[in-house]
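Asks: let me see the structure of the following:
(one chain, ligands or ions: 1)
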Amino acid sequence: MVSKNISPVDMDKMVSLCKRRGYIFQSSELYGGLASCWDYGPLGVELKKNIKNAWWKYMVQERDDVAGVDASILMHPQVWAASGHVESFTDPLVECKTCHKRFRLDEVREEGHCPSCDGELTPPRQFNLMFKTLMGPVEQEADTIYLRPETCQGIFVNFQNILVSSRKKIPFGIAQIGKAFRNEISPGNFIFRSHEFEQMEMEYFVKPGTDEKWLQYWLEQRLNWYTGLGIKKEHVRLRQHGTEELAHYARDCYDVEYLFPMGWSELEGIANRGDYDLSQHSKFSGKELKYFDEESNEHFIPYSIEPSAGVDRSALAFLLDSYAEEKDKEGIRVILHLHPALAPVKVAVLPLSKKENLVKMTQDIHSELRRCWTVQYDDAQSIGRRYRRQDEIGTPFCVTIDFQSMEDNQVTLRDRESMNQIRLPRQNLASVLAAKLGGEPFDILPSGASKVESKQS
Ligand code: GAP
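Replies: Numbering: from 1, shown residues only. Here you go, the predicted model:
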């Protein structure tokens, strides 16, 4: 069967599928929507959770050299002065003198006039992308704080705390997943660029002089993460920044780019930040942020290598890359070939009819399986329609319970990719699924069971 993958062509179909099936909705749609802010529905929230879990497993859980942190979104305003964001986190902005639409300078540089109405543009002025808010009951400038525009500053300011409490030795990393906010001048392309988004960032602290080697290491690791979760190799590439493009903190930087419908665009940034951040925080706080290397008996400020990924951009890439349409005798079958680790629903359980005993057996199986995985029960419409619905949201497996099941206690397991169906004993279902999906079939207490109290001696 030839599978026609539409990525990187069609964003509109993706937006429509996401809304129709409960992946992603426009924020505050009821009130006409809030531009470039998005709400994740029942399936979207599972997808995002799975992406974050897959990142955390790969970057933290499966390694000895990376520890986690969950820092506050609101931070001391001096953090953003030290990091350079107050001064340098700006985009040059121009405004049309006729229609008053605003653009980033790089969007209109070639035309030199308003792309919307051809009007004359104002000279560029610097526009800071940080959202400001006030802490405390009195509105005064001194109480201004910022919504963090990147999560990694929560890592840098906790460098000493984590070094001392975890007793890590260099090279080691600190990882964080969390929300970030940017007052983007030109947000858009669905969830690609929005005002509120989530980042998955890791600072890998290394001895100066070894930084280039570690940058290469993390480039490879990060590419492997995307392709290991199903992104096609030909849809992802690395692009090194030119010197004029480097952020104020970066000595070197690569973008992991994905072939989005609007063309190759940044999916993740991987930067060599040198000792910029720790030096700046040391200078602004007056506290030393050095590492003592027992081997060489010297103190130094480590360099950091930073893989910085977006949860929302990753979600978009995984959705686009897995979308396919297949022709069969009943028409077009839409399918998300999502990696099982990312699929929002792992298993659907479907009684062939709504007869009471079939429903009862299906519900029992549902209760049993959902202790381990996200499982959906569906008894509406024909079995063919139900399979299609599950294919469209990327569910890897369907279990069908039919009249024969009542007699022989066997069920049918259908595989999304091959559409092959096998019969197997009901009691083997959980372990067969565990082998296919990963995870233990009964790794938690049966419902109703209580833990044995430990005896005090
Ligand atoms: N700490 C470095 C940093 O924040 P960045 O390249 O500005 O670097 C890293 O952002 C990643 O965060 C991007 O590659 C992208 O995945 C995500 N990201 C940045 N701005 C975004 C936005 N406005 N909307 C959605 N994702 C965004």
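
Asks: so whatever residue of the chain ends up closest to the ligand bridges to which residues?
Replies: Closest residue of the chain to the ligand, C-beta to the nearest ligand atom: Gly310 (2.3 Å). Yep, even glycine has a C-beta here, placed from its N, CA and C like the rest. Assessed by DSSP bridges, Gly310 has beta-bridge partners Gln199.

Asks: burial count for it?
Replies: The number of residues packed near Gly310 is 24, by other C-beta atoms under 10 Å.

Asks: in the stretch 351-457 of the chain, which spans are strands?
Replies: Remark: strands assigned in the stretch 351-457 of the chain by DSSP state E, counting those that start in this stretch are 375-377, 397-401, 410-415, 421-425.

Asks: Ser36: neighbour count?
Replies: Ser36: 21 neighbours (other C-beta under 10 Å).

Asks: single out the most deeply packed of the strands of the stretch 351-457 of the chain.
Replies: strand 397-401 (a mean of 24; mean count of other C-beta atoms under 10 Å).

Asks: picking up where we left off before, okay, the strands of the stretch 351-457 of the chain in TSV with distance to Glu201 and mean pLDDT next?
Replies: Output for the strands of the stretch 351-457 of the chain, formatted as TSV (distance: least, C-beta to C-beta, whole Å; pLDDT from 0 to 100):
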stretch	distance to Glu201	mean pLDDT
strand 375-377	33	98
strand 397-401	34	98
strand 410-415	36	97
strand 421-425	43	97
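
Asks: name the residues of the stretch 251-400 of the chain found near the ligand, please.
Replies: Glu266, Leu267, Glu268, Gly269, Ser308, Ala309, Gly310, Asp312, Arg313 (C-beta under 6 Å from any ligand atom).

Asks: quick check: mean pLDDT across whichever strand or helix holds the last one?
Replies: Read that as Arg313. Of the helices and strands defined by DSSP states H and E, Arg313 is found in helix 311-322. Here helix 311-322 scores 98 as its mean pLDDT.

Asks: now find how far off-centre that helix is within its chain.
Replies: Computed by C-alpha atoms, centre = their mean, to the nearest Å, the chain-centroid distance of helix 311-322 equals 8 Å.

Asks: right, and the helix or strand after it?
Replies: In N-to-C order, the element after helix 311-322 by DSSP H and E is strand 323-328.

Asks: partners of that following strand, with directions?
Replies: strand 4-5 (antiparallel), strand 331-336 (antiparallel).

Asks: surely Pro14 touches Leu320?
Replies: Just to correct that, residue 14 is Met rather than Pro. Yes. Assessed by C-beta atoms under 8 Å, Met14 is found in contact with Leu320 at 5.9 Å.

Asks: neighbour count winner among those two?
Replies: Just comparing Met14 and Leu320: by other C-beta under 10 Å the higher neighbour count belongs to Leu320, 25 against 21.

Asks: returning to that earlier point: mind checking the strands of the stretch 351-457 of the chain for the one nearest to Leu358?
Replies: Judged by C-beta to C-beta, the one of the strands of the stretch 351-457 of the chain that comes nearest to Leu358 is strand 397-401, at 5.7 Å.

Asks: run the chain-centre distance for the closest one.
Replies: Worked out by C-alpha atoms, centre = their mean, strand 397-401 lies 29 Å from the chain centre.

Asks: elements contacting it?
Replies: strand 347-351, helix 356-369, helix 383-393, strand 410-415, helix 429-437 (3 or more C-beta pairs under 8 Å, 6 or more residues apart in numbering; DSSP states H and E).

Asks: go with 10 Å
Replies: Judged by 3 or more C-beta pairs under 10 Å, 6 or more residues apart in numbering; DSSP states H and E, strand 397-401 is in contact with strand 347-351, helix 356-369, strand 375-377, helix 383-393, strand 410-415, strand 421-425, helix 429-437.

Asks: quick one: the strands paired with strand 323-328 as JSON lines, columns for mean pLDDT and mean neighbour count too.
Replies: As requested, those are exported to JSON lines (pLDDT from 0 to 100; neighbours: other C-beta atoms under 10 Å):
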{"stretch": "strand 4-5", "mean pLDDT": "46", "mean neighbour count": "13"}
{"stretch": "strand 331-336", "mean pLDDT": "92", "mean neighbour count": "18"}
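
Asks: can I have stretch 238-257 written out in CSV, keeping just the CAs?
Replies: C-alpha atoms of stretch 238-257 as CSV (Å, rounded to 0.1, in the frame of the first residue of the first chain):
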residue,chain,number,x,y,z
LEU,A,238,21.1,20.9,10.9
ARG,A,239,21.9,24.5,9.9
GLN,A,240,24.8,26.4,11.5
HIS,A,241,24.2,30.1,12.3
GLY,A,242,26.2,32.7,10.5
THR,A,243,28.2,35.1,12.8
GLU,A,244,25.7,38.0,12.1
GLU,A,245,22.8,35.7,13.2
LEU,A,246,24.2,34.5,16.5
ALA,A,247,22.3,35.6,19.7
HIS,A,248,24.1,37.9,22.1
TYR,A,249,25.1,35.0,24.3
ALA,A,250,26.2,32.4,21.7
ARG,A,251,29.7,31.5,20.6
ASP,A,252,28.2,29.0,18.1
CYS,A,253,24.7,27.8,17.3
TYR,A,254,22.9,25.3,15.1
ASP,A,255,19.3,25.0,14.4
VAL,A,256,17.6,21.7,14.0
GLU,A,257,15.4,22.5,11.1
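
Asks: buried set for it?
Replies: If you call a residue buried by 16 or more other C-beta atoms under 10 Å, then stretch 238-257 has these buried ones: Tyr249, Ala250, Asp252, Cys253, Tyr254, Asp255, Val256, Glu257.

Asks: in CSV, list those along with pLDDT.
Replies: Formatted as CSV, the buried residues of stretch 238-257 follow (pLDDT from 0 to 100):
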residue, pLDDT
Tyr249, 92
Ala250, 96
Asp252, 98
Cys253, 98
Tyr254, 98
Asp255, 98
Val256, 98
Glu257, 98
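
Asks: max pairwise distance over those: which two?
Replies: Taking C-beta to C-beta, no two of these sit farther apart than Tyr249 and Glu257, at 20.6 Å.

Asks: circling back: tell me which of the helices and strands packed on strand 397-401 sits most buried.
Replies: strand 347-351 comes out most buried of the helices and strands packed on strand 397-401 by mean count of other C-beta under 10 Å, with a mean of 25.
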